[in-house]
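# Take a look and give me a structure for this.
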Amino acid sequence: MQLAGKSHTIADKFSFDEDTALKVFLRENSDYSVEICAQNLRKVDSLLLQYLIAASRKWRGKGLNLFLTNLSPEVGNTLNLLGIRDEILSWKVAA
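Okay, the predicted model is just below:
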């Protein structure tokens, strides 16, 4: 998925408390559509998921897009089981 915006890749061992790179990225790019690449993410952290859902709502409120891309099939399955649909958070499993 290509978009005319900014991109950030989440670390494989994401820690919401320790990894401020995502927070800084979103704060600095709040006026752009953004892509958050999750190709390295192996499990879903509930705080990360809550943060991304809140950010997605904020972006949509501004008429912008926030996409979570390149998820592993396992993480995609977890999001499906949790009922995270496109209207909540746009995401796509890696091809």
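# Which element, helix or strand, includes the spatially most central residue of the chain?
Nearest to the mean C-alpha position of the chain, by C-alpha atoms, centre = their mean, lies L68 at 3.7 Å. For L68, the enclosing helix or strand under DSSP states H and E is strand 66-71.
# try L79
Following DSSP H and E, one finds L79 within helix 73-81.
# between the strand holding L68 and helix 73-81, how many degrees?
For strand 66-71 against helix 73-81, the angle by axes from the mean of the first three to the mean of the last three C-alpha atoms, to 10 degrees is 130 degrees.
# Run through the neighbouring helices and strands of strand 66-71.
For strand 66-71, the elements it packs on are strand 34-37, helix 46-61, strand 90-93, judged by 3 or more C-beta pairs under 8 Å, 6 or more residues apart in numbering; DSSP states H and E. In short, each C-beta sits where N, CA and C put it, glycine included.
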